[in-house]
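[1] Sequence plus the predicted model coming up.
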Amino acid sequence: MKTKKNLIIVGDRVLIDPDEKMDKTPSGLYLPPTVKEKEKILGGHVKKTGPGYAIPDTTPDESWHTGKKEVKYVPLQASEGDYAIFLKDAAMEIEFEEKKYLIVPHSAILALVRTELSEEG
């Protein structure tokens, strides 16, 4: 029997594959690690998102209701495939299946670049 690990992102967090190209200038010069450490903003591709911000349930409890209440969420703006520009200080680095990722709270994302196909020429 073969098992597969599935990484589940919770709440308002976003899993980002960091852009490794940011250590090189447009002219092709490689920047030393000390320069990268001083950066305040990073970028990367969104791989997964959490369900969003949980909405508190304000309906009163009824004694006759036996079912489990379903949690509702306000969805996040970020979606898989977007390129996110975010604050470096808010990111937490993790390693999953021998690959490094960053988990970033949605509030630390400054901008999203989303590629959309259009039929216009």
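    Okay, I see it.
[2] Residues contacting the helix or strand Gly44 falls within, please?
    If you go by DSSP states H and E, Gly44 is part of strand 41-49. If you take Cβ atoms under 8 Å, 6 or more residues apart in numbering as the criterion, strand 41-49 is touched by 7, 9, 13-19, 22, 76, 78-88, 91, 101-102, 106, 110, 112. Any C-beta I mention is one placed from the backbone N, CA and C, and that applies to glycine too.
[3] could you point out which element follows that strand?
    strand 53-55.
[4] now that following strand: how far from the chain's centre is it?
    The chain centre lies 16 Å from the centre of strand 53-55; the measure is Cα atoms, centre = their mean, to the nearest Å.
[5] Report all helices and strands that that strand contacts.
    Helices and strands touching strand 53-55, by 3 or more Cβ pairs under 8 Å, 6 or more residues apart in numbering; DSSP states H and E, are strand 72-74.
[6] which parts of the helix or strand following the strand it packs on are buried?
    Sequence order places strand 83-87 as the next helix or strand after strand 72-74, per DSSP H and E. Buried residues in strand 83-87, counting neighbours by 16 or more other Cβ atoms under 10 Å, are found at Tyr83, Ala84, Phe86.
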